[in-house]
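**Student:** predicted model and sequence below, questions to follow.
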Amino acid sequence: MSEVIVDQSFADLGLPSAVLNQLNSMGFTAPTPIQLQAIPAMLAGKNVLGEAQTGTGKTAAFGLPGLSLLDANTRETQMLVVAPTRELAIQVAEALSEFGQKMRGLEVATVYGGAAFGPQIKALRTGAQIIVGTPGRLLDMLNKGVLKLSALRMAVLDEADEMLNMGFIEDIETIMGAVPNTSQRALFSATMPNAIRKLAKTFLVNQEGEQPVNIKIAPKTQNKANIRQRAWQVRGLTKMTALTRLLETMDYQRVLIFVRTRNDTMELTELLQKSGFKASPLSGDLNQSQREQTVSQLRSGHIEILVATDVVARGLDVPEITHVINYDLPGDNESYVHRIGRTGRAGRSGEAILFFRPREKHLLRQYERLTNSSIEFFEVPNAAELSKFRQNSLQEKLVAQVAQGGLDEMTSIVEKMQAETNLTATQIAVALLAQQQQQRPLIVPADPAPKKFAERPERADRGDRKRNDKRANGRDRRDANVEFDTYRIQVGREHGARPQDIVGAIANEGDIDSKYIGQIQLFDNHSLVELPKGMPTGVLRILQRARVRQQQMAMELSDNAIAARPRKPRGERPAPKGFAGGKERQGRGGERRGRRFQ
C-alpha cells in the first residue's frame, strides 16, 4: 500500500476547498511521499518529472493539482492525460471524476482505440475540461481536428515507460508537440530509460529554460500480509459463470468484487441478484450518505456481496470481508495492493482471487513481488463438481429437516398422494427433484470445450487498430486451421459501418484475436461475418449486445455463405499506400518513419 506521511495532511498542501472536501468524504487524509512533493510543485506552476513505482499514489499526485488549476465553468479542454492502455485510461478518468465530484460543471472524457469514434468525438465537442486517452486515439482526434489544445493548462504523461515499451514514443512526441508552450507539463514513470529521459529533456523544460522538478521515490518492500492469493485463468467458462460457481461453493462471510467502471458495477450486480445473491453496487453515482448506508448494510449482513470500482472502495474498512475478487484486473499495481488490502483486516485472514487472461499472466509476477507473497493457480468447479456439490447440499438439508421433526402433515400429504395416484414415495421424490432440476439444476449440463482460438492481444490501441484494418482489408490471412461459421449482424452500410469497425467490436467485446475473424461482407442493412465454429454461448450473447456505430449487432447464425472474392494477379494489384515505385513510405511520422523501410 502507499506509504503515508502521518504528520502532514492534504489541507497543508494548498488544495482548494472543493477538492479537500471530496478527499475527506472519500477517506483520504494524509498524502503519500510523491503527493507531498509533487502537489505543491505543480500548484506553483512547475513542470514535474516523477519517478516512482506503482503503489505510490501518482494519479492523485498529478490529478489533484490539475483539478485545482482548471476552470470548471469554461467548456474547453484544460487538462490532458496520456495513458498507455484503455484500462488505465478508464481508471484514471474514474479517479479524476471522483476527486472532482464537488466541482460543479466538471466533465471528464476518455478516448481510446477499439471503441466507436462517435461518442468520443461528441464528448470532446461538448467541451469536457479533462481528456484522458491512449496515444493512438488521441493522435487520431488531433488529426481530425476534434481535439483542440489551445486552452490546455496541463499535459500529463502517465506510465511513460509502458508507452515506450508498447511502441508509442513517436505518437507521444507528436501529441506533446501539439501542446501549447504555455501549458504546464508532467511526466510520471516507474523507470527512466534513456528514451524517456530524452523525452523529458525535450518537453519538460519550460519557456524560460527552467528544468523540471525531479522527484524520485525509492520503492518500498511490502510486508507479507495474512492474505492468500489465488488466480484462475479465464478459459472455457465465462467470467460470470465462474463467479457464480465460486460464490455458490466457497465459504464466505462478505465478498468485495472489483470491476473497472461504474456501469460494470450496475450490470454485474444485476446479474448476481438474478442468480439469487445478496449483492449491491458501490460506485461514484452514490452520494456519501448512500455509500455509508450501503457499507452499513454490508456490515449487518443485509448485503453479503459488494461490487465496486477502485476509487470508491479505497478506505473501506469492513473486517467481515473474507474475500476480495478481482473480476477485472486493475490498470496498475497500486490499485491491486489497495484492493486486496480490503480483506485480512483487524488481524484476520483473508483471500484474494484473480480472474486473468493469458495476456495478463505477466502481471501476476508483479503482484507477487509487490505483496511479497505467492499466487496459487486453481480451477473453478466444473459441471460435474458443481452437480455433486448441489446434490450433497440438498441431501444435507433434507437430513437436517427430517432430524428437526414436525413433518407429520407433510407425511399425510405424501401418503394421500400415494393412495390417489398409485405412485410410490420414490416416484414422488423423483418428481420433486425433477422440479428442482428445472429451477436450480442438480445435474449441471456439461461445460463447453475451451475456445480453440487464441485470446486477443492487449488492447494497446493503435497497434490493434492497424492489425484490425489489415484483417478487414484482406491483407492479413485468416488461420487456415480454423473452420468458420457465417453470422449475420444487423449493421450495414446505411449505419456507416466499415469492416474495421466490425472487426474492432468483435475483437474487443468478444475477446477474439482478429486473425480468427474471417471474411466480412457488407450490405445496406446488415452484414455477414465469419467466426470460428463452436463459439461459446456466452461469447455469442456478448456479441449480440455489442454495438457498431451505435447500432446493436444482434448477431445470429446465418445459412448464407460469404462468396470468396477472386484475387487479382500479382501484377495487377495496386501498390500499398505510402509506396510509389519503391519510394519511402510517407505519412504520419514523416521522414523518420520512412527511414524504417530503407
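**Tutor:** Great, that's in hand. Residues are numbered from 1 along each chain as shown.

**Student:** what is the end-to-end distance of stretch 68-87?
**Tutor:** This stretch, stretch 68-87, spans 25 Å end to end (CA to CA, to the nearest Å).

**Student:** and that stretch, what's buried?
**Tutor:** 68-70, 72, 77-87 (16 or more other CB atoms under 10 Å). The C-beta positions use only the backbone N, C-alpha and C, and glycine is treated the same way.

**Student:** the lengthiest helix in the chain: what's the following helix or strand?
**Tutor:** In the chain, with assignment by DSSP state H, the single longest helix is helix 383-404. Helices and strands here follow DSSP states H and E; after helix 383-404, the next one along the chain is helix 408-421.

**Student:** so how far is the longest helix of the chain from its chain's centroid?
**Tutor:** Chain-centre distance of helix 383-404: 37 Å, with CA atoms, centre = their mean, to the nearest Å.

**Student:** and for stretch 528-541?
**Tutor:** 22 Å.

**Student:** do the same with stretch 124-135
**Tutor:** That offset, for stretch 124-135, works out to 19 Å (CA atoms, centre = their mean).

**Student:** do the same with stretch 8-19
**Tutor:** The answer for stretch 8-19 is 30 Å, by CA atoms, centre = their mean.

**Student:** can you give me the buried ones in that stretch?
**Tutor:** So, applying 16+ other CB under 10 Å, buried residues of stretch 8-19: Q8, S9, F10, L13, L15, A18, V19.

**Student:** residues near P119, how many?
**Tutor:** 14 (other CB atoms under 10 Å).

**Student:** just the ones in helices from the buried residues of stretch 8-19, please.
**Tutor:** Using DSSP H, these in helices are A18, V19.

**Student:** now the two most distant members of the buried residues of stretch 8-19.
**Tutor:** Q8 and A18 (20.4 Å; CB to CB).

**Student:** any low-confidence regions in the stretch 201-350 of the chain?
**Tutor:** In the predicted model, the stretch 201-350 of the chain carries pLDDT under 70 at residues 219-225, 284, 287-288, 311-315, 334, 346-347.

**Student:** swap in 80 and give it another go.
**Tutor:** Applying pLDDT under 80 to the stretch 201-350 of the chain flags the ranges 207-208, 218-225, 283-289, 291-292, 310-317, 331-335, 338, 345-347.

**Student:** would you mind measuring from the closest residue to L69 other than its chain neighbours to M79?
**Tutor:** Nearest residue to L69, sequence neighbours excluded (CB to CB, 6 or more residues apart in numbering): R153, at 5.6 Å. Applying CB to CB, to the nearest Å, the value for R153 to M79 is 6 Å.

**Student:** mutual contacts of those two, please.
**Tutor:** L69, L70 (CB atoms under 8 Å, 6 or more residues apart in numbering).

**Student:** pull the distance from whichever strand or helix holds Q120 to the chain's centre.
**Tutor:** Q120 is located in helix 117-125, with elements delineated by DSSP H and E. How far helix 117-125 lies from its chain's middle: 20 Å, per CA atoms, centre = their mean.

**Student:** cool, and stretch 367-378?
**Tutor:** Between the centre of stretch 367-378 and the centre of its chain there are 21 Å (CA atoms, centre = their mean).

**Student:** using CSV, list the CA coordinates for that stretch.
**Tutor:** Coordinates of each C-alpha in stretch 367-378 appear next as CSV, following Å, rounded to 0.1, in the frame of the first residue of the first chain:
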residue,chain,number,x,y,z
TYR,A,367,1.7,-8.6,-7.8
GLU,A,368,3.8,-11.3,-6.1
ARG,A,369,6.8,-9.0,-5.9
LEU,A,370,4.8,-6.1,-4.6
THR,A,371,2.9,-8.1,-2.0
ASN,A,372,5.9,-10.3,-1.0
SER,A,373,3.6,-13.3,-1.4
SER,A,374,3.0,-16.1,-3.9
ILE,A,375,-0.1,-16.5,-6.0
GLU,A,376,-1.6,-20.0,-6.4
PHE,A,377,-3.4,-21.2,-9.5
PHE,A,378,-6.7,-23.0,-9.2
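
**Student:** low-confidence ranges, the stretch 451-598 of the chain, go.
**Tutor:** 451-482, 508-515, 534-538, 549-550, 559-598.

**Student:** rerun that using 50 as the cut-off
**Tutor:** 453-477, 566-598 (pLDDT under 50).

**Student:** can you map out the helices along it?
**Tutor:** 462-472, 499-510, 537-545, 590-594 (DSSP state H, counting those that start in this stretch).

**Student:** show me this structure divided up by domain.
**Tutor:** 10-216, 227-377, 386-439, 462-557, 567-598 (automatic domain parsing).

**Student:** so for stretch 112-127, first residue to last residue, what's the gap.
**Tutor:** End-to-end distance of stretch 112-127 (CA to CA): 17 Å.

**Student:** tell me which residues of that stretch come out buried.
**Tutor:** Y112, G113, G114, A115, A116, F117, Q120, I121, A123, L124, G127.

**Student:** the second one contacts T134, doesn't it?
**Tutor:** This points to G113. Yes - with contact defined as CB atoms under 8 Å, G113 reaches T134; the gap is 6.0 Å.

**Student:** burial of E385, as a residue count?
**Tutor:** Around E385 there are 14 residues (other CB under 10 Å).

**Student:** distance check, the most far-flung residue of the chain relative to its centre against Q8.
**Tutor:** Taking CA atoms, centre = their mean, the residue of the chain most remote from its mean C-alpha position is A419, at 60.5 Å. A419 sits 82 Å away from Q8, going by CB to CB.

**Student:** show me which of the buried residues of stretch 8-19 is closest to V529.
**Tutor:** Ranked by distance to V529 (CB to CB), the buried residues of stretch 8-19 are led by V19 at 47.6 Å.

**Student:** give me every residue that touches the closest one.
**Tutor:** When contacts are counted by CB under 8 Å, 6+ apart, V19 touches L64, L67, S68, F99, G100, K102, M103.

**Student:** Q229: what's it in contact with?
**Tutor:** I340, E351, A352, I353, L354, Y367, E368, T371, S373, S374, I375, E376.

**Student:** using the three-state scheme, assign it.
**Tutor:** strand (DSSP: H, G, I helix; E, B strand; the rest coil).

**Student:** what is the helix or strand harbouring L271 packed up against?
**Tutor:** Assigned by DSSP H and E, L271 falls within helix 262-274. Here helix 262-274 touches helix 239-249, strand 279-282, strand 305-308, going by 3 or more CB pairs under 8 Å, 6 or more residues apart in numbering; DSSP states H and E.

**Student:** that one: which residues count as buried?
**Tutor:** For helix 262-274, using 16+ other CB under 10 Å, the buried residues are R262, D264, T265, L268, T269, L272.

**Student:** wait, isn't the third one in contact with L286?
**Tutor:** In other words, T265. No - applying CB under 8 Å as the test, T265 and L286 come out as separate, 9.8 Å apart.

**Student:** what helix or strand does A95 sit in?
**Tutor:** Per DSSP H and E: helix 86-99 holds A95.

**Student:** next SSE downstream of that helix?
**Tutor:** Reading on from helix 86-99 to the C-terminus, the next helix or strand found by DSSP H and E is strand 108-111.

**Student:** what are the pairing partners of that next one, and which direction each?
**Tutor:** Here strand 108-111 is paired, per DSSP bridges, with strand 130-133 (parallel).
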